[in-house]
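Student: Need coordinates for the following:
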Amino acid sequence: MRDAADLSPLDPFETPVAVLDVGRARRNADRAADYCRRHGLAWRPHVKTHKSLEVARIQLEAGAAGLTVATPREAEVMSAVADDLLLAYPPIGPSKLQRLMGLPRTVRLTVGLDSEAALGPLAEASRAAGRQTGLLVEVDAGLGRVGVGTPEEAVALARSAAERDGAAFRGIMFYPGHLRVPESEQESGLADLSRLVDRYIGALSDAGLEPEVVSGGSTPTLWQTHRVPGVTEVRPGTCIYNDRDILGMGACAPEDLAYTVLATVVSTAVPGQAVVDAGSKALAKEPPLPTLPGFGALLARPEVWVRALSEEHGVLDLSETAWRPSVGERVRIVPNHVCVSVNLQDHVLALSDGGATAWRLDGRGRGPYHSGPSA
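Tutor: Okay, the predicted model is just below:
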């Protein structure tokens with residue numbers, strides 16, 4: 001972990017501000033890519049975590065086969081560096097479809113969806129644009145958020161996709177977001193997941209619609225994906241940066257924490273606590289895991305946690321440390337959930353080789369992307 005002396009390149013920058021340890025991010029990317037190579041999996045990281053072209057380049061250089069996006073804007077941005085994109089979200093509405101059809105012709109676009117209502121307009125828009133869009137049928141793996149609920153529904157939707165001009169059925173996708181537990185507690189959940197995936201693959205194959213792609217994975221389950229037979233690619237997002245939740249689940253080590261929010265102590269007036277200038281508008285008010293208190297913890301002093309957040313105030317709990325900070329002292333905070341913290345930032349300070357450079361987060365926002373100043 002970095003000590004106070006390592007923060008000197010950040011001295012010119014006003015807080016609160018996001019900080020990326022580029023060396024750690026590169027090691028995280030290499031680790032994920034190496035795991036996937038060893039187990040014959042394609043690595044398709046989700047850019048929702050970082051929303052950065054520079055970080056996407058790190059992932060692609062490490063061996064990512066393509067990228068996963070969640071919004072038309074992310075697709076527009078990432079088409080500048082990747083020619084294989086999966087939109088893991090159903091694009092509903094003419095404007096979103098028009099933007100997707102406006103992606104460069106060199107981009108191989110695949111979309112995940114779970115209904116005829118999403119499939120029909122997408123296939124028609126693709127046909128009218130002279131494109132062919134790949135389709136992954138999303139199945140509910142247990143989270144209960146989206147996805148068809150039976151193999152029969154998956155077969156029906158896959159068959160409809162295969163019969164439409166402008167669409168090409170490529171496979172299925174799932175998100176095991178319900179398995180947000182330590183690896184030591186994933187055994188039964190992974191066994192259930194394996195049986196579920198097998199049922200869907202079997203039903204589709206029996207119908208003559210054998211899936212080319214079986215896309216799954218999340219950061220908490222990433223390193224156990226090889227235990228789910230049939231999966232061909234994984235879409236983790238958080239693993240490029242990691243966060244306090246991922247550390248708490250044992251899916252990363254402290255040295256894998258690449259993202260922090262740099263904050264300044266602004267008050268020590270109340271005994272037993274210190275207040276920093278990073279509140280909910282910098283860290284995000286994400287609830288912690290049941291085993292963790294608060295909304296974040298200090299990188300160098302993990303026993304010091306963020307007990308409370310208001311919009312511009314973060315209250316550090318000092319009850320478990322002898323450290324007593326001074327007003328003006330700077331600290332780096334690891335948020336509970338990195339993805340939502342990143343989305344609150346104007347940029348991220350990339351700390352590398354003794355210097356810090358502001359990297360844009362072009363994937364933020366909803367409006368159409370235009371190169372140049374962030375829209």
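
Student: any idea which residue sits dead centre in the chain?
Tutor: Gly237 (2.7 Å; Cα atoms, centre = their mean).

Student: so who does the nearest residue to it once chain neighbours are set aside touch?
Tutor: Leaving aside its sequence neighbours, Gly237 sits nearest to His46 (Cβ to Cβ, 6 or more residues apart in numbering; 3.5 Å). Heads up, the C-betas are built off the backbone N, CA and C, glycines and all. Each residue near His46 by Cβ atoms under 8 Å, 6 or more residues apart in numbering is listed here: 67-70, 88, 235-237.

Student: Now His46. Its backbone dihedrals?
Tutor: phi -90, psi 120 (degrees, to the nearest 10).

Student: Check Thr219 too.
Tutor: phi -60, psi -40.

Student: and the nearest residue to Arg108 once chain neighbours are set aside, what does it touch?
Tutor: Leaving aside its chain neighbours, Arg108 sits nearest to Asp84 (4.8 Å; criterion: Cβ to Cβ, 6+ apart). The contact partners of Asp84, taken as Cβ under 8 Å, 6+ apart, are 44, 65-67, 107-108.

Student: Of those, which is the nearest to Pro290?
Tutor: Ranked by distance to Pro290 (Cβ to Cβ), the contacts of Asp84 are led by Arg44 at 30.4 Å.

Student: Give me the pLDDT value at the closest one.
Tutor: Arg44 is assigned 98 on the pLDDT scale.

Student: same check, this time on Gln98
Tutor: Gln98 carries a pLDDT score of 98 in this model.

Student: The spatially closest residue to it that is not a sequence neighbour: how many residues sit nearby?
Tutor: Excluding the flanking residues, the one nearest Gln98 by Cβ to Cβ, 6+ apart is Ala125, at 7.3 Å. For Ala125, the neighbour count with other Cβ atoms under 10 Å is 19.

Student: Ala125: what secondary structure?
Tutor: Following DSSP: H, G, I helix; E, B strand; the rest coil, Ala125 is assigned to helix.

Student: Quick one: residues contacting Gly166.
Tutor: 122-129, 131-133.

Student: Can you read off the pLDDT for it?
Tutor: 97.

Student: Next: Leu283.
Tutor: Leu283 is given a pLDDT of 98.

Student: Now for it: which residues touch it?
Tutor: So Leu283 contacts 261, 295-296, 306, 309, 314, 333, 335-336, 341, 344 (Cβ under 8 Å, 6+ apart).

Student: Among those residues, which pair sits farthest apart?
Tutor: Of all the pairs that these form, the one spanning the most space (Cβ to Cβ) is Val306 and Leu344, at 14.7 Å.

Student: In terms of neighbours, single out the busier of the two.
Tutor: Val306 (27 against 18).

Student: doesn't Pro288 make contact with that one?
Tutor: No. In this structure, Val306 is not within contact of Pro288 by Cβ atoms under 8 Å, at 9.5 Å.

Student: Asn242 reaches Thr260, doesn't it?
Tutor: No. With contact defined as Cβ under 8 Å, Asn242 and Thr260 do not form a contacting pair (10.7 Å).

Student: So for these two, which residue has more residues nearby?
Tutor: Between Asn242 and Thr260, Thr260 has the larger neighbour count (other Cβ under 10 Å), namely 28 against 25.
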